[in-house]
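Asks: What follows is a predicted protein model with its sequence.
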Amino acid sequence: MKTKNSVFAACLLFSSVVLAHQPVMDMAPRWDDGYGFQVRYESYGSDTLLDDDSEVANPLGLKRYVNKTWFEGVYTFDRAIRVTFKLPYILQRRTKNINGTAVRQRNSGIGDLVLGIPLKYYRNRKAFTENFSFTPSIRLPTGSSSGDFALSDGSIDYGFSLSYSSESPKYYTLFDLYYWLNTEGDRGMHEGDELALDINLGYHPYHNNDNNSGVFTMLDISARYNDDPASATLTTASGGQRVQMGPVLVLYKDNIMFRTEYKHLVYEKTSGISNARGNEFMIGLGVTF
Amino acid sequence: MFYQSVYLVLFAFFISSAPVFADHDGFEGHDHASKPRVDKPVQAADVSVSAGEAVIIVHGIVCSFCSQGVTRNLSRLSFIDNSRYTKGVKVEIEDQKVTIAIKAGSQPDLKQVYDSILDGGYEPIEAYVSDADGHVTYHKLKDS
C-alpha cells in the first residue's frame, strides 16, 4: 500500500496536473498596499459508497455532504510579499454506520482559520507576465473539536505551496503543488497529511478596454492524496486519492470579480469503505482595492 | 517511504527555487532612485498619441483586473485629467499600453509615472508624450 501511495505521489509531483485560480487571492492585488476580500461558497458530497476504487452497495443509505462559505482576505505589502487569511463557516451532515445502524449526524459553525504568506517573484516581459510563488501557511484550530461530527480536529497544521503561473492577454496557466502537514489534535484526532497538485489552463475570450470588463474561462484539474486519518478522527477527513476536473467561469468589471466552478470527480480511491467525495460546485464574489 | 519521497521532492523544489527568491530584491528593483532617461525628441512611429496625452509601454500588463493598482496610482497624480477615460487612465492589455490624460497646461512628471506603474506591479519601459500641439517626444524609462 505504501509503495502504491509513493507511486501515486510521484505521479502527482512529476505530472502536469493544477490549483484553483483565485484572482483576488493569487493574481490580484499585485500592487503595493493593495487589499481584497472574497466570499466563496463551495458544496460537495455524495451518497455513493466506495471500497477502494469500486462502488459498493449502500443499503443503509450512508452519505456525507459538506457546504462551506469562505470569507477570505489578502493584503499586499509589495507585489512580492502578501498575507492572506481564509475562514470558513461550515455546514456538514452525514449518515454514518454505527454498529450496523444508520445514524444521522449534523454540525455547523466556524471552521479553522488559515493564514498564509505568499512570497512571489515576478518577471514581466512584453505581452507576458509570470511568477514563482512559495507560500508557507498555518491552520489554526478556531473550529470546534467537540461532538460526534467535529468541525475541527483541534490541531495546528502547517502548509507549504510551490507554484508557477504565467499569463498573456489571451492565455493563462497555473501549476500549484502543496502539502499540508496535519498534526494530532484533541481527543486523539489526527487528520492525515495532504499532498495536492492543481493545474489551471485559462483562456481570455473577451475584454473591453473602455469599461474594463471581461470574461475569463479555465479548465481546472486537481489531484489529491490524503493520508488515512487516525481511527479516532471525527471530522470529514478521509484518506484516499482523487482527481477532479471541470470548467471555471470568471466575470469581472473594474475591481469586482465573480467566479463559478464545477469540478467533476474523474477518479477516486478511498482507504477502506467510505463515501465518495462527489462532484463539487463553487461560486464566489471578490473585490480588490 | 512515502514521506521520504515527499520531503525529498519538496526540499529539491525549495533548493532549486532558492536562487529565484534570493534574486528577488535585485530584479524587482522598485528602484525609486533611478530616474527615467529622457532621450531626444523623436516622432513616435508605431504608437498613436493624442494631443495632451501620454502613452506608456508597460511590460507584463496583460490582465486588467490585476492592473487596477496602476490605474489607482496614476489617477492620484496631480497632472492627470481624471475627467477622461477611467480616472484619467486607459489600460490596453492587448498592446501593453497605458494612456494617461494630462491636464491642460500641465507637464507630466515621468519619474512619478514610472514609480506609480512600478508600485502597481509592472515594468514601465518607454513613454511617448504629446504636448497640446500634438508634438510627440520619446522617453526611455527602462531597458527592456
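Replies: The structure has been received and is ready for your questions.
Asks: Phi first, then psi, for the closest residue to chain A within chain B.
Replies: Nearest to chain A in chain B, going by CB to the nearest CB, is residue B:69, at a distance of 2.1 Å. For every residue, glycine as well, the C-beta is placed using N, CA and C. Dihedral angles of residue B:69 (phi, psi; degrees, to the nearest 10) stand at phi -60, psi -30.
Asks: What about it, how many residues nearby?
Replies: 25 (other CB atoms under 10 Å in any protein chain shown).
Asks: Tell me the helices and strands packed up against the longest strand along chain A.
Replies: Scanning chain A for the longest strand, with DSSP state E as the assignment, gives strand A:81-98. Packing contacts for strand A:81-98, counted by 3 or more CB pairs under 8 Å, 6 or more residues apart in numbering or on different chains; DSSP states H and E, involve strand A:63-78, strand A:101-110, strand A:113-116, strand A:119-125.
Asks: Make TSV out of those strands and add mean pLDDT, mean neighbour count and distance to chain B.
Replies: Formatted as TSV, these follow (pLDDT from 0 to 100; neighbours: other CB atoms under 10 Å in any protein chain shown; distance: least, CB to the nearest CB, whole Å):
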stretch	mean pLDDT	mean neighbour count	distance to chain B
strand A:63-78	96	18	7
strand A:101-110	97	14	30
strand A:113-116	95	18	16
strand A:119-125	93	19	3
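Asks: Now render the ones you listed as JSON lines, adding distance to residue A:225.
Replies: Converted to JSON lines, those look like this (distance: least, CB to CB, whole Å):
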{"stretch": "strand A:63-78", "distance to residue A:225": "19"}
{"stretch": "strand A:101-110", "distance to residue A:225": "26"}
{"stretch": "strand A:113-116", "distance to residue A:225": "19"}
{"stretch": "strand A:119-125", "distance to residue A:225": "25"}
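Asks: Out of the ones you listed, which is closest to residue A:142?
Replies: Of all these, it is strand A:113-116 that lies closest to residue A:142, at 4.5 Å by CB to CB.
Asks: ok, residues contacting that closest one?
Replies: A:83-87, A:135-140, A:142, A:159, A:161 (CB atoms under 8 Å, 6 or more residues apart in numbering or on different chains).
Asks: what's the most distant pair in those residues?
Replies: Largest separation among the contacts of strand A:113-116 by CB to CB: A:142 and A:161, giving 20.7 Å.
Asks: ChimeraX command for the buried members of the contacts of strand A:113-116?
Replies: For the buried members of the contacts of strand A:113-116, the matching ChimeraX selection, counting by 16 or more other CB atoms under 10 Å in any protein chain shown, is:
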select /A:84,85,86,87,135,137,139,159,161
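Asks: Just give me the closest of the contacts of strand A:113-116 to residue B:112.
Replies: Among those, and counting by CB to CB, the member closest to residue B:112 is residue A:83, at 27.9 Å.
Asks: pretty sure the closest one contacts residue A:35?
Replies: No - using CB atoms under 8 Å, residue A:83 is not in contact with residue A:35; the gap is 9.7 Å.
Asks: So what's the model's average confidence on the longest strand of chain A?
Replies: If you average the pLDDT over strand A:81-98, you get 96.
Asks: buried residues in stretch B:102-116?
Replies: Here stretch B:102-116 shows B:102-103, B:108, B:110, B:112-116 as buried, counting by 16+ other CB under 10 Å.
Asks: Sort out for me which of the residues you listed are in helices.
Replies: Counting by DSSP state H, the buried residues of stretch B:102-116 place B:110, B:112-116 in helices.
Asks: quick one: which of the residues you listed is nearest residue A:146?
Replies: residue B:116 (51.9 Å).
Asks: was I right about the closest one contacting residue B:78?
Replies: No - in this structure residue B:116 lies outside contact range of residue B:78 using CB under 8 Å: 11.8 Å.
Asks: Let me see the contact set for residue 103.
Replies: As the question left the chain open, I've gone with chain A. A:95-97.
Asks: Oops, wrong one, chain B.
Replies: With CB under 8 Å, 6+ apart, residue B:103 has these contacts: B:79-81.
Asks: can you check residue A:40 too?
Replies: Residue A:40 touches A:69-70, A:72, A:259, A:282-286, counting by CB under 8 Å, 6+ apart.
Asks: Run me through the strand neighbours of the helix or strand hosting it, direction for each.
Replies: Using DSSP states H and E, residue A:40 sits in strand A:34-46. Applying DSSP bridges, strand A:34-46 is found paired with strand A:63-78 (antiparallel), strand A:280-288 (antiparallel).
Asks: Of all these, which one is nearest residue A:131?
Replies: Nearest of the strands paired with strand A:34-46 (CB to CB): strand A:63-78, 12.6 Å.
Asks: Least confident secondary structure element in chain B?
Replies: helix B:24-28 (a mean of 29; mean pLDDT, DSSP states H and E).
Asks: What's the nearest residue in chain A when you look at chain B?
Replies: residue A:31 (2.1 Å).
Asks: Could you measure from that residue over to residue B:136?
Replies: Separation of residue A:31 from residue B:136 (CB to CB, to the nearest Å): 28 Å.
Asks: Looking only at neighbour counts, state which of these two leads.
Replies: residue A:31 (27 against 21).
Asks: can you tell me which residues contact the residue of chain A most remote from its centre?
Replies: Outermost residue of chain A with respect to the C-alpha centroid, by CA atoms, centre = their mean, is residue A:210; its distance is 34.4 Å. Contacts for residue A:210 (CB under 8 Å, 6+ apart) come out as residue B:90.
Asks: That one and residue B:127: what is the separation?
Replies: On the measure of CB to CB, residue A:210 and residue B:127 end up 22 Å apart.
Asks: just residue A:194 next, same as before
Replies: Distance, residue A:194 to residue B:127, using CB to CB: 48 Å.
Asks: Residue A:105 too?
Replies: Using CB to CB, residue A:105 is found at 64 Å from residue B:127.
Asks: now swap in residue A:153 and tell me
Replies: 56 Å.
Asks: Touching, residue B:127 and residue B:110? I think so.
Replies: Yes - Residue B:127 is within contact range of residue B:110, at 5.9 Å (criterion: CB under 8 Å).
Asks: At the contact with chain B, which residues of the stretch 151-289 of chain A appear?
Replies: Contact residues (CB under 8 Å from any CB of the partner chain) of the stretch 151-289 of chain A with chain B: A:160, A:162, A:167-169, A:177, A:179, A:193, A:195, A:207, A:209-210, A:212, A:214, A:252, A:254-255, A:257, A:288.
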